[in-house]
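> only geometry, no sequence info:
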């Protein structure tokens, strides 16, 4: 992520770690987010009912509204999504970019890509015939980050962000996961621009990595695929901004159709999938 870390803790004055992205003070354990992320000057004690924005602002994301909660995706949220290769994660995230860009004329979406090249992502977006794909700015980081993350955010000023993937970004440094998700959460709240973060699953089908990383996210989502039928299932296991678990049955439009691979609601399974009974 390459965000500058303070030399001394602003709370206790102790020495901070020298490595970038190390926000938590080893002495008092409080997080020291970089000043350039722009801490808003507002009261830190607010009585419930006195908030100026009683409702969390949301993006209408069409067929995925039920998945994220009433009204759609919370604009202050950071959500982790996982699924086996080929389940449709990239397709869903590109579609989310396009739906949100429809609502935000004049703004761009940022796709931080270290799993696929910008050429591969553009090929998928063109196949899906996404109307606003030219407003998806891909930060190609397959060779690593070559400049600070915050400078890219300042240049793009995205209304929506995708990190694909967290696992590839942190490598073996699993303790970096919570810090990155927490930093994105800070940005999402300040800019009202939500993030979707792709994480990997282990052989058992569960999220890989530290539990602290999963706790730092507002929502945990999975994309599942039936290899025999091609049916997809997008489901939530945690959602701070809506009900969970919730499942939305999806299917990709077939080859030869107008938009091959485009995800649509599987009407044949609507009603069979939904909130789990247990």
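Arrived safely. These figures come from a predicted structure and were not determined experimentally.

> tell me where the stretch 101-250 of the chain has strands.
109-113, 136-140, 160-164, 195-198, 219-225, 231-239, 246-252 (DSSP state E, counting those that start in this stretch).

> just say which of those is most tucked in.
strand 160-164 (a mean of 26; mean count of other C-beta atoms under 10 Å). C-beta here means a position set from N, CA and C on the backbone, and glycine is covered the same way.

> turn the strands of the stretch 101-250 of the chain into a markdown table, columns for distance to residue 24 and mean pLDDT.
Output for those, formatted as a markdown table (distance: least, C-beta to C-beta, whole Å; pLDDT from 0 to 100):
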| stretch | distance to residue 24 | mean pLDDT |
| --- | --- | --- |
| strand 109-113 | 23 | 97 |
| strand 136-140 | 26 | 96 |
| strand 160-164 | 20 | 97 |
| strand 195-198 | 19 | 97 |
| strand 219-225 | 22 | 96 |
| strand 231-239 | 23 | 96 |
| strand 246-252 | 33 | 97 |
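
> what would those look like in JSON lines with distance to residue 126?
Shown next, in JSON lines, are the strands of the stretch 101-250 of the chain (distance: least, C-beta to C-beta, whole Å):
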{"stretch": "strand 109-113", "distance to residue 126": "15"}
{"stretch": "strand 136-140", "distance to residue 126": "11"}
{"stretch": "strand 160-164", "distance to residue 126": "18"}
{"stretch": "strand 195-198", "distance to residue 126": "21"}
{"stretch": "strand 219-225", "distance to residue 126": "22"}
{"stretch": "strand 231-239", "distance to residue 126": "21"}
{"stretch": "strand 246-252", "distance to residue 126": "16"}
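
> contact partners of the host helix or strand of residue 264?
For residue 264, the host element (DSSP states H and E) is strand 263-265. Residues from elsewhere that reach strand 263-265 (C-beta atoms under 8 Å, 6 or more residues apart in numbering): 63, 88, 91, 92, 95, 232, 248, 249, 250, 251, 252, 253.

> same thing but at 6 Å, please
With contacts defined as C-beta atoms under 6 Å, 6 or more residues apart in numbering, strand 263-265 is touched by 63, 91, 250, 252.

> picking that back up, of all the strands of the stretch 101-250 of the chain, which one is nearest residue 71?
strand 231-239 (12.7 Å; C-beta to C-beta).
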